[in-house]
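Predicted model follows, preceded by the sequence.
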Amino acid sequence: MTSMSALLDPKAVAVVGASQRQSRGTSVLLNIIEAGFAGDVFAVNPRYREAHGRKCFPSVSDLPASVDCLAIAVAADAACDVLEEAYAHGIRAAVVMAAGFGEGGHGEARADRLRSLAAKGMRICGPNCFGLINLASRAALYSGPIPRPLRPGPVALVSQSGGLGATVFAPLMGDRGLGFKYFVSCGNQVGATIEDYVEYFLEDAEVSVIAIVVEALRAPRRLLDLARAAHARRKSLLLFQAGRSAAGQVLTRSHTGALASDAEILAAFLRRCGIVQVDSLDELTEAIELFAVAPRDEAIGGQAIIISGSGGGAAVAADVLDAAGLPLSPLTAETREQVRAVLPDFGSVTNPIDGTGAIYDNPALLPKIFDAVLTEPGRPLIAASVSARPVGNESLRRLASTYADVAGASGRTIVAYQYSPLGGPLDPEIVGMLHAARIPFLLGTATAMQVLKYLPLRQRYWARGAPEPGEPTDGANDAPAAELRDFLRIRKALVANGVSVVEAEPAHSEAEAIALMRRFGSAVAIKAEAAGLLHKSELDCVRLNCASEHDVRDAYRAVTANARNAGFADALALIQPMVAGVAEAYAGIIDDPLYGPAICFGLGGIFVEIFNDTAIEMAPLAHDDALAMIRRTKGAKLLDGARGRPCGDIEALANLLVRLGDFAVANVGRFRALDLNPIIVKPMGEGVVAVDVAIEPIRQDQPAANAAE
């Protein structure tokens, strides 16, 4: 038995800290017993000889050799001692529920003791967690309340936050009868990481949906390979990140002791992996229901048809779908005529279809509407409203039965949704009827419509697989990393990699600056240059359009003096020819220590920080990726020639982003960030050129990004 199997599928377990009194350890022991775990169950507590009918041993060293896994429900200091004793006794898996292992900056020494055991091969769930449940084997090494009955099924959920995970797990299993194979509250990930759990779930043939609630990943680069395996096996990967805002990241660091990386980079990384990232916990709940129940084998189109019994409800659904970017399917004239023939005069025959209250009163009406829409080309997704409240309503059960009959006969993907998530218990007959027909039942119009877009997205991810990690290209720069802090060397390296950067020459005197202006034969820009000198415009270290000797002399004196006043005593001046264009853009590299190099794009100059209108993707980039980044920004309209402006050379801009991505991969670990700002975008067909480069070196206390884990 592997250590992960011992953790997630143990055959014999022991609870350390269980007693006859109410305690966390007692809660775990009772959960294991009441869940019906078939293996041996023991307790460890020197004060008792038995606890709730289970033999109690004085210490871990006294346990039978058959014990695979411990549930440790004692304080942090004692937990460390117990773990070390367990490892010496041959036990290689444990759940540690106590906090005090690095959260808020406290308990690092304890965390180091756990890391030492993990490095030797011990699998540790936690610390600071509720524990885990294997619903197939009934191994409930879990300290929180568990909904009954336990329903085994295709979903595996791993959550850093036990509380957040439980708010997804319990209602789905309890209210909607959705089956789970595993629920893991993994806490701080000092031992087993989220990536370890995902890898284990992927090997389980009974798991088809893997959902993750994360605050900070530990080894995200492994997810590329894991996502590739998931796509090949047509398994769904869902992720929700808690703590994306600045305030949320402060709480994340306090809660888990881990520094959350930039949310936008994580989102870009997940897109590269092909992992569906949801925007809220409510979305995660509904997306799990959607992915677990909907057919996995039908090729659906990228549009939707809405069938509703309420005109207002149909309008709300259409609004949310539009905002989510999932278009409504325009019905053909033939379909509209078929629908018009069966609907009351006041019904709507366009999409969304308002069947009015008649669909509840006339059982023959709804099948005819389905007969019409099922002939629509492109196999659009069909979402139909129904309510599972109140329990026992025959009209609603008849409606759900019609949906089930249509789905069974047609093999099409049909999703049922209820307007509101509120209102009391759900009718189990309606939910069970829908599930049996592979119809997901979603709660709340807004959330239901929002998550529908993830079905075609999952399909695209499955079709493409996950890309290979970027490898250094032939244009890799072999110069020492320190030399990349010098503008001229950076420019040389970028140009060698195909990134267009304006010509520049250093001037050490006013005379040299004037000579260079004459050599360029045009107006010039004069900029102070020194290692670490950023935001030059704010420090008045840039002068533009210097077209005379007088202009050049004054500019040279001003920019060098201002740089010295800002603390850059060794500053010199760079002379560059002025470049004109139709717009200014920005592109940059962020070499993230966890996720690797990412490419950023947006409007250039001062607008980068004012409008915050940027797109981010992981390097390397394909040409289509680069074009899509440009199109995602609102500033793309300026490049398209808004209000009579000339169109910019978008193809050349995309090529620059692609080459910048190659440069980023070739220079992993050499700098923290690199900015090209502004990039002058010339008219269509005339190219682009960056006129300034800024680089941020890696701090001494910051690890470099790794090309792979």
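Alright, I've got the coordinates. Numbers count the residues shown, from 1 in each chain.

can you pull the contacts of Leu676?
Going by Cβ atoms under 8 Å, 6 or more residues apart in numbering, Leu676 touches Val499, Val501, Tyr586, Ala587, Gly588, Leu656, Leu660, Ala690, Asp692, Val693. C-beta here means a position set from N, CA and C on the backbone, and glycine is covered the same way.

Let's see that with 7 Å instead.
Tyr586, Ala587, Gly588, Ala690, Val693 (Cβ atoms under 7 Å, 6 or more residues apart in numbering).

any chance you could map the helices in the stretch 201-350 of the chain?
For the stretch 201-350 of the chain, the helices defined by DSSP state H, counting those that start in this stretch cover 222-232, 246-256, 263-273, 281-293, 311-324, 333-342.

ok, and what's touching the third one?
Meaning helix 263-273. 220, 223-224, 227, 239, 241, 244, 277, 466-467, 590, 592, 595, 598, 616-618.

and the angle for it with helix 222-232?
Interaxial angle, helix 263-273 versus helix 222-232 (axes from the mean of the first three to the mean of the last three Cα atoms, to 10 degrees): 40 degrees.

For helix 263-273, the averaged confidence score.
Here helix 263-273 scores 93 as its mean pLDDT.

same deal with the shortest one?
Averaging the model's pLDDT scores along helix 333-342 yields 92.

Measure how far that helix is from the centre of its chain, please.
Distance of helix 333-342 from its chain centroid, counting by Cα atoms, centre = their mean, to the nearest Å, is 42 Å.

Now do it: which elements does it pack against?
helix 365-373 (3 or more Cβ pairs under 7 Å, 6 or more residues apart in numbering; DSSP states H and E).

The strand or helix carrying Leu660: what's the following helix or strand?
Under the criterion of DSSP states H and E, Leu660 resides in helix 650-666. For helix 650-666, the following helix or strand on the C-terminal side (DSSP H and E) is strand 673-681.

strands paired with that following strand, and their directions?
strand 583-592 (antiparallel), strand 688-690 (antiparallel), strand 693-696 (antiparallel) (DSSP bridges).

contacting residues around the last one?
By Cβ under 7 Å, 6+ apart, the surrounding residues in contact with strand 693-696 are 484-485, 487, 490-491, 501, 534, 671-676.

What subset of those residues is buried?
Buried members of these, counted by 16 or more other Cβ atoms under 10 Å: Leu484, Arg485, Phe487, Ile490, Arg491, Val501, Phe671, Arg672, Ala673, Leu674, Asp675, Leu676.

in the stretch 501-650 of the chain, which spans are strands?
Per DSSP state E, counting those that start in this stretch, the stretch 501-650 of the chain carries strands over the ranges 505-507, 524-529, 542-546, 572-577, 583-592, 596-603, 614-618.

Show residues contacting the third one.
By Cβ under 7 Å, 6+ apart, the residues outside strand 542-546 that reach it are Met517, Ala523, Val524, Ala525, Ile526, Lys527, Lys536, Val552, Ala555, Ala558, Val559, Met578.

In CSV: these, plus pLDDT and neighbour count.
Output for the contacts of strand 542-546, formatted as CSV (pLDDT from 0 to 100; neighbours: other Cβ atoms under 10 Å):
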residue, pLDDT, neighbour count
Met517, 95, 23
Ala523, 95, 16
Val524, 96, 29
Ala525, 96, 21
Ile526, 96, 27
Lys527, 94, 25
Lys536, 87, 19
Val552, 97, 26
Ala555, 97, 24
Ala558, 96, 17
Val559, 95, 26
Met578, 95, 16
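
mind giving me CSV with those and columns for distance to Leu343?
Shown next, in CSV, are the contacts of strand 542-546 (distance: Cβ to Cβ, whole Å):
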residue, distance to Leu343
Met517, 77
Ala523, 70
Val524, 72
Ala525, 68
Ile526, 73
Lys527, 69
Lys536, 66
Val552, 78
Ala555, 74
Ala558, 75
Val559, 73
Met578, 66
